[in-house]
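Student: can't give you the sequence, but here's the structure:
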């Protein structure tokens with residue numbers, strides 16, 4: 001009976017999560033990441049070149065191509081749009097959730113599996129990133145498969161055939177992780193394995209990892225693209241392996257500097273409703289695993305997540321999404337705790353969520369006062385309704401679930417916490433959609449459409465709005481703009497107007513022309529006698545045409 005109720009509860013959660021995902025999948029693509037990665041996939045389909053990634057028509061080597069390929073394949077079948085741009089990300093999130101549940105069931109049982117899945121599903125950080133086009137959810141799926149396959153393999157140590165099969169799955173997943181975001185796909189499992197065997201002083205375990213077959217699978221998955229892209233682009237290897245993996249990590253070149261504790265706060269806030277349960281979950285897992293002589297799955301999960309957080313905390317470049325691959329491992333540990341801790345203790349841990357909701361209500365009330373100009377202030381007022389819905393959902397979730405836990409209704413409470421977070425994320429995404437005129441280039445692209453023809457030249461002057469090329473279905477000519485295009489521009493300098501002083505002559509050439517720029521630049525160009533008709537203007541950008 002309990003297992004049947006568990007399945008029903010899980011089914012209801014998945015249905016609700018699917019409904020929320022569909023409701024938000026057509027949200028305008030936001031700058032910069034959603035526009036960037038969607039546009040690279042669109043250009044793959046348009047150009048037919050699936051070896052060399054290009055952004056705005058310029059070579060772009062910052063990341064490997066697996067997500068580009070997957071999304072481009074979806075575009076080819078179903079067309080390019082917001083929903084299809086987010087399909088791969090959503091599937092990666094769903095599969096990661098199911099992997100965590102399947103692994104927990106194999107290792108600990110059905111109730112622990114449900115608790116682990118609910119722990120991950122109640123993470124606003126995980127759910128939020130499941131609806132945003134970045135490369136981190138794809139990386140998270142494949143690193144989680146590496147983690148889970150290894151845990152299942154070690155749990156099947158008595159069956160050599162099954163153990164070998166799962167170890168080879170782990171090697172294959174490692175290769176797909178490398179094709180998702182680079183060498184971290186190898187670093188995470190390698191470092192964790194080293195820490196794990198060191199903690200157990202079980203060095204012979206390294207010899208049991210199916211190295212020959214595993215490396216053959218890893219190379220078969222990764223080597224073809226790396227060889228092909230290097231052959232087609234001599235500049236690729238130095239940029240990708242040196243600049244992207246070492247310069248980015250060791251320097252502040254990308255201006256993403258944060259305090260060393262940045263990711264610790266992200267990890268705590270990422271499991272918001274159960275943030276107070278995390279220390280107890282970690283301590284409980286450590287205590288239980290310390291006395292075990294055999295395989296220690298929770299120790300491995302702890303080391304996995306700790307290494308990821310520690311590694312990125314050392315980096316000179318920090319973005320909030322970087323530690324997403326740690327969350328499924330944390331969910332395994334947290335879910336084990338939620339399934340076994342006294343329900344009264346869990347009730348007191350969830351109750352402070354109501355107090356946080358009250359604080360957030362005050363923030364939402366004063367939101368318009370934080371705006372820098374009238375345009376943003378109007379958008380913030382539109383956001384307020386969804387902000388109130390969010391805090392009301394959080395408040396109700398905390399009170400109801402604390403009551404259920406005090407009554408001993410553990411499973412129902414854990415599922416309702418996850419449902420409450422799912423609907424809170426839905427409200428937040430609706431709120432973010434109200435900001436789309438500010439955060440997305442879709443509105444500007446719509447203003448362009450009546451003036452676009454195949455012969456129209458489109459310039460992006462000292463400014464680049466990542467989602468505009470996706471929405472207009474074509475690239476733009478960059479003017480005096482480098483940023484992430486430096487390597488590509490160096491390889492193909494004829495594709496850009498390198499200096500602003502060269503722009504007037506290009507603008508005045510015969511033929512129709514459009515340009516996007518920031519507001520302050522328009523008057524400077526007009527003062528040089530350039531004819532420009534304003535089609536759209538807001539505090540972030542101006543769209544003009546040559547009359």
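Tutor: Yep, that arrived. As the structure is a prediction and not an experimental result, all values here were calculated from the model.
Student: so in the protein, which helix runs the longest?
Tutor: helix 374-406 (DSSP state H).
Student: who does the helix or strand just after that one touch, helix- and strand-wise?
Tutor: Note on helix 374-406: by DSSP states H and E, the next helix or strand toward the C-terminus is helix 410-434. Helix 410-434 sits against helix 2-24, helix 110-121, helix 124-129, helix 327-340, helix 343-350, helix 374-406, with contacts defined as 3 or more Cβ pairs under 8 Å, 6 or more residues apart in numbering; DSSP states H and E. Heads up, the C-betas are built off the backbone N, CA and C, glycines and all.
Student: got a list of contacts for the second one?
Tutor: Spelled out, that is helix 110-121. With Cβ atoms under 8 Å, 6 or more residues apart in numbering as the test, helix 110-121 has contacts from 2-3, 6, 9-10, 13, 17, 96-98, 100-105, 126-127, 271, 274, 327-328, 330-332, 334-336, 338-339, 411, 414-415, 417-418, 421-422.
Student: go on, the fifth one?
Tutor: By Cβ under 8 Å, 6+ apart, the residues outside helix 343-350 that reach it are 273-274, 276-277, 280, 338, 398, 401-403, 405-406, 408-410, 413, 417.
Student: now stretch 518-533: how far from the chain's centre is it?
Tutor: 38 Å (Cα atoms, centre = their mean, to the nearest Å).
Student: one step back: quick check on the contacts of helix 110-121: which are buried?
Tutor: 6, 9-10, 13, 17, 96-97, 100-101, 103-105, 126-127, 271, 274, 327-328, 330-332, 334-336, 338-339, 411, 414-415, 417-418, 421-422 (16 or more other Cβ atoms under 10 Å).
Student: if we can go back for a sec, can you put the helices and strands packed on helix 410-434 in TSV and add distance to residue 217 and mean pLDDT?
Tutor: Output for these, formatted as TSV (distance: least, Cβ to Cβ, whole Å; pLDDT from 0 to 100):
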stretch	distance to residue 217	mean pLDDT
helix 2-24	31	64
helix 110-121	27	92
helix 124-129	28	94
helix 327-340	22	97
helix 343-350	42	96
helix 374-406	44	96
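Student: ok, the residue sitting furthest away from the middle of the chain - contacts?
Tutor: For the chain, the largest distance from the centre (Cα atoms, centre = their mean) belongs to residue 529, which lies 45.0 Å off. When the contact criterion is Cβ under 8 Å, 6+ apart, residue 529 has no partners at all.
Student: tell me the buried residues in the longest helix of the chain?
Tutor: 376, 379-380, 383-384, 386-391, 393-395, 397-398, 400-402, 404-405.
Student: can I assume residue 535 sits in a strand?
Tutor: Yes. Judged by DSSP: H, G, I helix; E, B strand; the rest coil, residue 535 forms part of a strand.
Student: chain neighbours aside, what residue packs nearest to it?
Tutor: residue 543 (4.6 Å; Cβ to Cβ, 6 or more residues apart in numbering).
Student: assign residue 372 to helix, strand or coil.
Tutor: Assigned by three-state DSSP, the conformation of residue 372 is coil.
Student: if we ignore the residues flanking it in sequence, what's nearest it?
Tutor: For residue 372, the spatially nearest residue (Cβ to Cβ, 6+ apart) is residue 539, at 7.9 Å.
Student: kindly report the same for residue 356.
Tutor: residue 394 (7.0 Å).
Student: ok, residue 506 next?
Tutor: With sequence-adjacent residues excluded and distances taken as Cβ to Cβ, 6+ apart, residue 506 is closest to residue 497, at 5.6 Å.
Student: so which elements touch whichever strand or helix holds residue 97?
Tutor: For residue 97, the host element (DSSP H and E) is helix 82-107. Using 3+ Cβ pairs under 8 Å, 6+ apart, the elements in contact with helix 82-107 are helix 2-24, helix 33-47, helix 66-78, helix 110-121, helix 124-129, helix 136-155, helix 327-340.
Student: what residues does the shortest one touch?
Tutor: Pointing back at helix 124-129 there. 17, 93, 120-121, 136-137, 266, 269-272, 320-321, 324, 327, 421-422, 424-425, 428-429.
Student: any idea how far residue 188 is from the closest residue to residue 187 other than its chain neighbours?
Tutor: By the measure of Cβ to Cβ, 6+ apart, the closest residue to residue 187 outside its immediate chain neighbours is residue 311, 7.4 Å from it. Computed as Cβ to Cβ, to the nearest Å, the residue 311 to residue 188 distance reads 8 Å.
Student: list the contacts of the residue nearest to residue 356.
Tutor: By Cβ under 8 Å, 6+ apart, the contact set of residue 394 is 353, 354, 356, 357, 360, 420, 424.
Student: just these now: which is nearest residue 225?
Tutor: residue 424 (39.3 Å; Cβ to Cβ).
Student: hmm, the closest one is touching residue 392, no?
Tutor: No. Taking contacts as Cβ atoms under 8 Å, residue 424 lies outside contact range of residue 392: 9.4 Å.
Student: quick one: buried residues of stretch 514-532?
Tutor: Neighbour-count burial for stretch 514-532 flags 514, 515, 516, 517, 521, 522, 525, 530, 532 (criterion: 16+ other Cβ under 10 Å).
Student: tell me where the stretch 151-300 of the chain has helices.
Tutor: Counting by DSSP state H, counting those that start in this stretch, the stretch 151-300 of the chain has these helices, from start to end: 160-181, 184-200, 211-232, 236-237, 248-250, 262-270, 278-290, 297-314.
Student: could you chop this structure up by domain?
Tutor: 92-341, 343-440, 442-545 (automatic domain parsing).
Student: out of those, which is closest to residue 79?
Tutor: domain 442-545 (10.8 Å).
Student: how far off centre is the closest one?
Tutor: 29 Å.
Student: ditto for stretch 225-236
Tutor: That offset, for stretch 225-236, works out to 26 Å (Cα atoms, centre = their mean).
Student: who's in contact with it?
Tutor: Stretch 225-236 is contacted from outside by 51, 52, 59, 61, 64, 65, 179, 237, 487, 490, 491, using Cβ under 8 Å, 6+ apart.
Student: residue 190 and residue 174, how far apart?
Tutor: 9 Å.
Student: meant to ask about residue 437
Tutor: 42 Å.
Student: tell me which of the two has more neighbours.
Tutor: Neighbours were counted for residue 437 and for residue 174 using other Cβ atoms under 10 Å; residue 174 has more, 27 against 18.
Student: distance to residue 468 and secondary structure for the buried residues of stretch 514-532 - can I get that in TSV?
Tutor: Formatted as TSV, the buried residues of stretch 514-532 follow (distance: Cβ to Cβ, whole Å; DSSP: H, G, I helix; E, B strand; the rest coil):
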residue	distance to residue 468	secondary structure
514	10	strand
515	12	strand
516	7	strand
517	12	strand
521	16	helix
522	17	helix
525	19	helix
530	21	coil
532	18	coil
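Student: tell me which of the residues you listed is nearest to residue 457?
Tutor: The closest of the buried residues of stretch 514-532, once distances to residue 457 are taken by Cβ to Cβ, is residue 514, at 7.4 Å.
Student: mind listing what the closest one touches?
Tutor: 448, 451, 452, 456, 457, 458, 459, 535, 543, 544, 545, 546.
Student: beta partners for it?
Tutor: Beta-bridge partners of residue 514, counted by DSSP bridges, are residue 458, residue 545.
Student: residue 258: what's it in contact with?
Tutor: residue 318.
Student: any idea how far it lies from residue 124?
Tutor: 20 Å.
Student: so residue 130 makes contact with residue 89?
Tutor: Yes. If you go by Cβ under 8 Å, residue 130 and residue 89 touch, sitting 6.4 Å apart.
Student: tell me, what's touching these two both at once?
Tutor: Common neighbours of residue 130 and residue 89, using Cβ under 8 Å, 6+ apart, are residue 137.
Student: how many residues are close by residue 536?
Tutor: The tally of other residues near residue 536 (other Cβ under 10 Å) stands at 14.
Student: list the contacts for the residue nearest to residue 372?
Tutor: Contacts of residue 539 by Cβ under 8 Å, 6+ apart are 372, 373, 375, 376, 519.
Student: mind checking pLDDT for residue 200?
Tutor: According to the prediction, residue 200 has pLDDT 85.
Student: picking that back up, tell me how far the residue nearest to residue 506 lies from residue 481.
Tutor: 9 Å.
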